[in-house]
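Visitor: give me a model of this one.
(chains A and B)
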Amino acid sequence: MMIDAQELRVYFRTPRGQVKAVDGIDFQIDRGEIVGVAGESGCGKTTLALALTRLIYPPGKIVGGSIEFEGKDITKLSEEEFRKNYRWKKIAMVFQGSMNGFTPVFTIGSQIDEVLRIHGYENDREERIRELLHMVELNPSTAGRYPHELSGGQKQRAFIAMALAIDPPFLIADEPTTALDVLTQSSIINLLKTLRKKKQISIMLITHDLALLSEIVDRVYVLYAGKLAEVGTSEHVFKEPKHPYTRGLISSVPTMNSTSITGIQGFMPDLANLPGGCKFAPRCPNVMTICKNEEPKLQRVREGQKAACWLY
Amino acid sequence: MISVILMVTTYSVVTVPQDIAFSWNNPQSWTGNPVSAAPAWVSILGARVSPSYVNSLSDWKNTSLIAGATTVYEYYSNLTFAWSSTSLPQDILFIPLFKGNAVSATITWKKPNSAPISIQISQLESGTQYDANSADLKNALSQFIVSQNGQYVTGLTKSQVIAALFDKNGKTILSGPVSTGDYDVKVEIISTSALNFTTSSTFNIIGTSYGTMGTDYYGRPIDLGLLAGLPNALELGVITSLAAVLGGVIFGGLAGFFGGRKDGFMQWTTIVFLALPALNFLVVISYTTTLSLLEEGLLISFLSWPFFAIIARTVALSIKSQTYIQADKAMGIPGYRTFFTHFMPRLIPVTIAYTVLGIPAGILLAETLGFLGIQPPNLVTWGSILDSAFYNEAALYGWWWWVVFPGIMIVISAVPFVLMGFSIEKIIAPRVSNK
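Guide: Numbers count the residues shown, from 1 in each chain, chains lettered A, B, ... in the order given. Predicted structure coming up:
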């Protein structure tokens, strides 16, 4: 197991009360696996990713749970030790809107070079930069350019190149394709696929684009209001979703033939002021009495699929 | 404008004597000057003022009263000045300077187109100040007045002496119009031994106007005071501003950079210092200790850094929220590197702009303190000039030049820095200013 997070809790202290952005989530990813994390905006996808990279800033805090990286609990490491041995070396991240992840005042090449230098890359760094840019299908001359000279897709790819600089075994891609057109999207998704095939790296792909997820991931985590709604292999979850929320999500994906889209009624509850019982109960089409009083636990529905719902 | 100020400062440092502060506060140093005199140029504007003449008698000729006599010496020197003003001067001042023993002197005062008046000075001594109040002048001139209007004035006043010396002869000698034209003055000194005139003697006509900026109640020329005050005003402004801005920007920048609990504590510290009433604090400190210029500057900056800390913290926080800062952290780039590559370049222009803007603020606060009588000893400051103007009720007596010129100087020295600061600010924060 590459990453094994147990009962992870990330709370934010706000004047309105505690916001439980991630509330007791178990997350696993194996070597060479692509795992998708889906859910609507504000459900805790990004917070989960940031928690795995220990990038939670005050007022946020990891209040409970453990994150084991190859058997070692990284929440217990000192910041300096984590920075030296894990950041970017073992866990790299492509940020949400990482086209802004480049400092505007330095060239792409010098920024990649800095990362290589910081982490003590010993071989020819210029050669490595060329190799990386080639890997993401960018012209080597891109190294000499400033971020504003590149298009959004190019920047995104350049950032992926930077993320791969020191061959991290684990890559978090937080909505890597959100702001891009469909063609660029597919080229980036193909790039991730190739990477997995060639380098056996594990990829955690965060997106609310279910169509894209079904295309690429092995397993999928569906989050709702900071909790796991459903977990399962791609085939199971997309073909036969068990949780009403997952069903709703999938039915909201527009297809070529359909004339109208069925969405999910209502909005996600305020994370600082959650309802008792099942968090999805107020919007659930299959709501029962028990849903409003008791919170369902994530349990096995069948081989390779778990759901947190009183229906099963 | 800045370059002009710097040039004037250099000129001031070069020309104003080091011990100006000592002589400034010593009334003895200014006896030769007119008191509360308006600037000389106001006569052009039609004001009724009389000019001041600073004359020196250096060309002494030696003649003998009796040919061949070896025990009687006579020296004389001539002075001619043109008097065109229709108002009387304040005073005249004669200070003979010589080595040796003189017996007496005769001043022959010849008004334009009139018979000369002879003024005897018995027991002439080197270094004595003979002015319109001295007994010899009063004796000679009361007789002259009698000869003109037939009245004997007992207890002749200083202004009557001056009137007798400058008004047209006749019945109206004490009230009449001023006699304008060329005055001839001859000073003769009689001695029983040879005299040595190595130092020039003084024969000043003390008018009611003086120099470019006039004089104050003690006869101190305002322009000299302003010149002497410029370097220390700038020095204080620069020290204050540099220390406050550097300290504030570093503190605030770090607070914003750290974030979280450290930021909270640093923010709290900033607010505490901000809440200190600077002026009261400085007044108390200055009454208990004597501060040097440097110490005063540092103390002022110690009380004014929070403003800059708040600004720098805001800038740092806005940088911190950028994705590339988060990316840097995820990349494992050490914090100090992030600080130097991302925060410092953005904070430095802010520092420069606010340092420049802080200089006039420092000058203003320093002059305010000077006005309150709080300033390093042995310094002439514009604040202290204004303070003495206030103390001597310059406004009440209409001595406007005592108040206006120091005020103008403070403004003139502040404005260019403010303009410069604004334009730098416009360059570094175009979005804010171009709205």
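
Visitor: quick one, longest helix in the chain?
Guide: No chain in the question, so chain A it is. helix A:182-199 (DSSP state H).

Visitor: hmm, no, I was thinking of chain B.
Guide: helix B:222-258.

Visitor: quick revisit: keeping just the C-alphas, turn the longest helix of chain A into CSV.
Guide: Extracted in CSV, the C-alpha atoms of helix A:182-199 (Å, rounded to 0.1, in the frame of the first residue of the first chain):
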residue,chain,number,x,y,z
VAL,A,182,-11.6,19.3,-24.4
LEU,A,183,-8.7,18.5,-26.7
THR,A,184,-6.1,19.7,-24.1
GLN,A,185,-8.0,17.8,-21.5
SER,A,186,-7.7,14.6,-23.4
SER,A,187,-4.0,15.1,-24.1
ILE,A,188,-3.4,15.6,-20.4
ILE,A,189,-5.4,12.6,-19.4
ASN,A,190,-3.5,10.5,-22.0
LEU,A,191,-0.3,11.9,-20.5
LEU,A,192,-1.3,10.7,-17.0
LYS,A,193,-2.2,7.3,-18.4
THR,A,194,1.2,7.0,-20.1
LEU,A,195,3.0,8.0,-16.9
ARG,A,196,1.2,5.3,-15.0
LYS,A,197,2.1,2.8,-17.6
LYS,A,198,5.8,3.8,-18.0
LYS,A,199,6.7,4.8,-14.4
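
Visitor: neighbours around residue 62, how many?
Guide: As the question left the chain open, I've gone with chain A. 19 (other CB atoms under 10 Å in any protein chain shown). Every residue, glycine included, has its C-beta placed from N, CA and C.

Visitor: the chain in question should be chain B.
Guide: 11.

Visitor: that one and B:F98 touch, don't they?
Guide: No: using CB atoms under 8 Å, B:N62 is not in contact with B:F98, being 12.0 Å away.

Visitor: ok, the residue in the stretch 201-312 of chain A that chain B sits nearest to - contacts?
Guide: Using CB to the nearest CB, A:M204 is the residue of the stretch 201-312 of chain A that sits closest to chain B, at 13.5 Å. Contacts for A:M204 (CB atoms under 8 Å, 6 or more residues apart in numbering or on different chains) come out as A:3, A:29, A:35, A:37, A:49, A:52, A:170-173.

Visitor: is it possible to get the residues you listed out as TSV so that each row also shows pLDDT?
Guide: As requested, the contacts of A:M204 are exported to TSV (pLDDT from 0 to 100):
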residue	pLDDT
A:I3	84
A:I29	88
A:V35	90
A:V37	89
A:A49	85
A:L52	85
A:F170	87
A:L171	87
A:I172	88
A:A173	86
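
Visitor: interface residues of the stretch 51-200 of chain A facing chain B?
Guide: Contact residues, the stretch 51-200 of chain A versus chain B (CB under 8 Å from any CB of the partner chain): A:53, A:55, A:57-58, A:83-84, A:86-89, A:91-93, A:95, A:97-98, A:100-106, A:114-115, A:118-119, A:159, A:162.

Visitor: now, of those residues, which are buried?
Guide: Burial by neighbour count, judged by 16 or more other CB atoms under 10 Å in any protein chain shown, picks out A:53, A:55, A:83-84, A:86-89, A:91-93, A:95, A:97-98, A:100-103, A:106, A:114-115, A:118-119, A:159, A:162 from those.

Visitor: can you tell me which of the residues of the stretch 51-200 of chain A next to chain B are in strands?
Guide: Judged by DSSP state E, these include A:91-93 as members of strands.

Visitor: out of the residues you listed, which is nearest to A:G42?
Guide: A:M93 (19.5 Å; CB to CB).

Visitor: hey, what's the nearest residue in space to the closest one that is not next to it in sequence bridged with?
Guide: Closest residue in space to A:M93, ignoring its immediate chain neighbours: A:I172 at 4.3 Å, by CB to CB, 6 or more residues apart in numbering or on different chains. Going by DSSP bridges, A:I172 is paired in beta bridges with A:M93, A:M204.

Visitor: so residue 266: helix, strand or coil?
Guide: No chain specified, so I'll use chain A. coil (DSSP: H, G, I helix; E, B strand; the rest coil).

Visitor: actually, chain B is the one I wanted.
Guide: helix.

Visitor: count of neighbours near the residue nearest to it when sequence neighbours are not counted?
Guide: Leaving aside its sequence neighbours, B:M266 sits nearest to B:A255 (CB to CB, 6+ apart; 3.8 Å). Neighbours of B:A255 under the rule other CB under 10 Å: 24.

Visitor: and for B:V178?
Guide: Counted with other CB under 10 Å, residues neighbouring B:V178 total 18.

Visitor: which residues touch it?
Guide: B:83, B:85-88, B:166-168.

Visitor: which one of the residues you listed has the most neighbours?
Guide: Of all the contacts of B:V178, the most densely surrounded is B:F166 (24 neighbours; neighbours counted as other CB under 10 Å).

Visitor: about what we covered before: closest to chain B out of the ones in strands among the residues of the stretch 51-200 of chain A next to chain B?
Guide: Minimum distance to chain B across these is 5.0 Å, recorded for A:M93 (CB to the nearest CB).

Visitor: tell me the pLDDT at the closest one?
Guide: Note on A:M93: pLDDT of 86.

Visitor: same deal with B:A312?
Guide: On the pLDDT scale, B:A312 gets 90.

Visitor: for A:G36, same thing?
Guide: 89.

Visitor: how about the nearest residue to B:D387 once chain neighbours are set aside, what does it touch?
Guide: Nearest residue to B:D387, sequence neighbours excluded (CB to CB, 6+ apart): B:F371, at 4.9 Å. By CB under 8 Å, 6+ apart, the residues touching B:F371 are B:383-384, B:386-387, B:390.

Visitor: try 7 Å
Guide: B:383, B:386-387 (CB atoms under 7 Å, 6 or more residues apart in numbering or on different chains).

Visitor: now A:L274
Guide: By CB under 7 Å, 6+ apart, the neighbours of A:L274 are A:20, A:225.

Visitor: how would you label it: helix, strand or coil?
Guide: coil.

Visitor: ramachandran angles for it?
Guide: Here is the backbone geometry of A:L274 (degrees, to the nearest 10): phi -80, psi 150.

Visitor: per-residue pLDDT, it?
Guide: pLDDT, read off for A:L274, is 79.

Visitor: could you measure it against A:V19, distance?
Guide: Separation of A:L274 from A:V19 (CB to CB, to the nearest Å) stands at 10 Å.

Visitor: in chain A, what residue lies closest to chain B?
Guide: For chain A, CB to the nearest CB, closest residue to chain B: A:R87, 3.1 Å.

Visitor: surely that residue and B:A330 touch.
Guide: Yes: assessed by CB atoms under 7 Å, A:R87 is found in contact with B:A330 at 6.1 Å.

Visitor: what pLDDT does the residue nearest the centre of chain A get?
Guide: Centroid check for chain A by CA atoms, centre = their mean gives A:I206 as the closest residue, at 3.1 Å. We note a pLDDT of 89 for A:I206 in this prediction.
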